[in-house]
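Participant: Fold the following.
(one chain, ligands or ions: 2)
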Amino acid sequence: MGALRPSTVLALALLAAASGTGGVAGQQPLDFERYRETIEPIFIADRGGWGPGRAPCVTCHAAQGTPLRLQRLRETAGGEVYWSEEDSRRNFEVVSRLVTPGDPDRSRLLRKALTVPAGGAALHVGGKFFESKSDPEWQAMADWVAAADPVERPAPPRLDFDFFRDCVQRMYLDKRPGDVECIHCHETGVRGFARHIPEGRDFWNQEESRGNFAITRRYVEPGEPMMSRLLTHPLAPAAGGDYFHGGPRRWDSTDDPEWQMLAAWVRGETPECVVGAEADAGGSRE
Ligand code: HEC
Ligand code: HEC
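Facilitator: Numbering: from 1, shown residues only. Ligands and ions are numbered 1, 2, ... in the order given. Below is the predicted model:
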């Protein structure tokens with residue numbers, strides 16, 4: 001087998017945490033310099049086209065609320081695009097969360113754009129870019145990941161279903177002044193996380209709630225509110241929201257009590273439920 005026992009991995013991780021540098025007792029962390037030199041160019045590379053499977057990764061992944069949320073590119077006077085070192089460090093943090101150090105095959109970054117027969121993920125809205133694992137770009141990513149030692153990561157939190165049913169779904173129905181409710185646009189189709197409520201009722205039953213939960217989960221990254229499109233799509237861009245939403249911006253800022261509440265839920269908590277008018281009243285009660 002040759003794999004480290006979990007207790008050994010944990011001990012190494014604890015040692016690394018205690019030292020504060022991450023580089024202790026033979027433990028090799030993901031390498032930033034190498035990432036910057038060999039991985040980031042892959043995200044920018046021109047592939048001679050647009051749309052799924054053709055566009056540079058960064059066209060879709062800059063500042064969008066997908067889990068791979070990269071910084072926007074800067075441009076030199078001569079029109080060359082680049083990321084500053086600070087940008088690259090932020091990107092590195094995000095990308096690091098999408099890989100399993102030491103294990104390329106279990107790394108989301110590597111599986112997503114790889115074709116299914118080659119062992120890739122079933123679906124990538126952005127299309128498939130790598131036909132096989134011998135693709136040089138895929139290899140570069142795999143080598144980078146394989147060079148790092150395994151680390152013990154806390155399991156992502158569980159999203160509480162009861163809280164979703166009783167509270168998050170109320171938000172789907174709530175109308176803020178001047179806005180349209182989520183259910184107005186999201187009751188059908190692939191993004192139908194707030195399904196049509198049958199005649200004669202004004203809320204979803206248990207089974208329907210389960211269905212809404214399953215679809216909502218696609219837009220939630222447990223433990224990571226800012227990587228969760230449910231929270232970033234209707235958030236104002238100035239506050240870190242996505243550039244585009246076919247619907248309204250419900251939250252001007254992440255300070256909105258309702259946004260805060262949803263963020264807590266995404267982190268695995270079950271906060272007090274504040275929706276719409278209640279949330280507004282929280283700030284300015286007469
Ligand atoms: C045409 C737009 C587009 C392009 C180009 C694109 N992607 Fe994506 N990607 C998406 C969207 C939308 C999602 C979120 C939905 C999904 O998971 O498919 C996503 C999700 C991802 C994720 C997150 C996976 C997860 O497990 O949550 C990774 C990793 C990723 N893409 C990698 C890449 C890489 C690497 C490239 C370039 C080689 C790339 N993407 C190019 C649109 C794109
Ligand atoms: C006026 C119609 C409208 C309303 C109201 C609306 N949306 Fe949307 N929403 C859209 C459209 C259209 C899209 C697809 C295009 C896009 O990505 O913005 C979308 C996309 C999304 C996505 C991303 C799905 C994906 O495929 O990546 C999320 C998450 C989302 N909306 C959440 C919400 C939430 C939460 C609410 C309520 C607070 C809401 N929307 C209200 C029209 C609406």
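Participant: from what I can see Asp166 touches Thr270, true?
Facilitator: No. Using Cβ atoms under 8 Å, Asp166 is not in contact with Thr270; the gap is 9.8 Å. To be clear about C-beta, it is placed using only N, CA and C from the backbone, and glycine gets the same treatment.
Participant: Let me know the next secondary structure element after the lowest-mean-pLDDT helix or strand in the chain.
Facilitator: Scoring the helices and strands of the chain by mean pLDDT, DSSP states H and E places helix 6-19 at the bottom, with a mean of 48. Per DSSP states H and E, helix 6-19 leads on to helix 32-34 as the next helix or strand towards the C-terminus.
Participant: contact partners of stretch 177-191?
Facilitator: Stretch 177-191 has contacts (Cβ atoms under 8 Å, 6 or more residues apart in numbering) with 171-175, 192-197, 215, 234, 246-248, 250.
Participant: Which ones, among these, also lie beside ligand 2?
Facilitator: Pro234, Gly246, Gly247, Pro248, Arg250 (Cβ under 6 Å from any ligand atom).
Participant: per-residue pLDDT, the fourth one?
Facilitator: Pro248 carries a pLDDT score of 92 in this model.
Participant: what about Ile215, how many neighbours?
Facilitator: For Ile215, the neighbour count with other Cβ atoms under 10 Å is 16.
Participant: for Val266, same thing?
Facilitator: Residue neighbour count, defined by other Cβ under 10 Å, stands at 22 for Val266.
Participant: PyMOL command for the buried members of the contacts of stretch 177-191?
Facilitator: Buried members of the contacts of stretch 177-191, defined by 16 or more other Cβ atoms under 10 Å, are picked up in PyMOL with:
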select buried, resi 171+172+173+174+193+194+195+197+215+234+250
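Participant: Most widely separated two among the ones next to ligand 2 among the contacts of stretch 177-191?
Facilitator: Gly246 and Arg250 (13.1 Å; Cβ to Cβ).
Participant: quick one, phi psi at the spatially closest residue to Trp251 that is not a sequence neighbour?
Facilitator: Once flanking residues are discounted, Trp251 sits nearest to Trp259: 4.5 Å by Cβ to Cβ, 6 or more residues apart in numbering. Phi and psi for Trp259, reported as degrees, to the nearest 10, are phi -60, psi -40.
Participant: cool, Ala62 as well?
Facilitator: Taking degrees, to the nearest 10 as the convention, Ala62 sits at phi -80, psi 120.
Participant: Could you do Leu70 as well?
Facilitator: phi -90, psi 160.
Participant: can you pull the contacts of it?
Facilitator: Contacts for Leu70 (Cβ under 8 Å, 6+ apart) come out as Phe43, Cys57, Val58, His61, Ala62, Ala63, Asn91, Val94.
Participant: quick one: the fifth one and Gln71 touch, right?
Facilitator: Read it as Ala62. Yes. Using Cβ under 8 Å, Ala62 is in contact with Gln71, at 6.7 Å.
Participant: how far away is Gln27 from ligand 1?
Facilitator: Look at Gln27 and ligand 1: by Cβ to the nearest ligand atom, to the nearest Å, they are 25 Å apart.
Participant: wait, isn't that residue in contact with Gly102?
Facilitator: No. In this structure Gln27 lies outside contact range of Gly102 using Cβ under 8 Å: 10.4 Å.
Participant: list residues touching both of those two?
Facilitator: Taking Cβ under 8 Å, 6+ apart as the criterion, Gln27 and Gly102 both touch Asp149.
Participant: The residue in the chain that ligand 1 sits nearest to: which element?
Facilitator: Proximity of the chain to ligand 1 (Cβ to the nearest ligand atom) peaks at Gly126, 2.1 Å away. Using DSSP H and E, Gly126 sits within no helix or strand.
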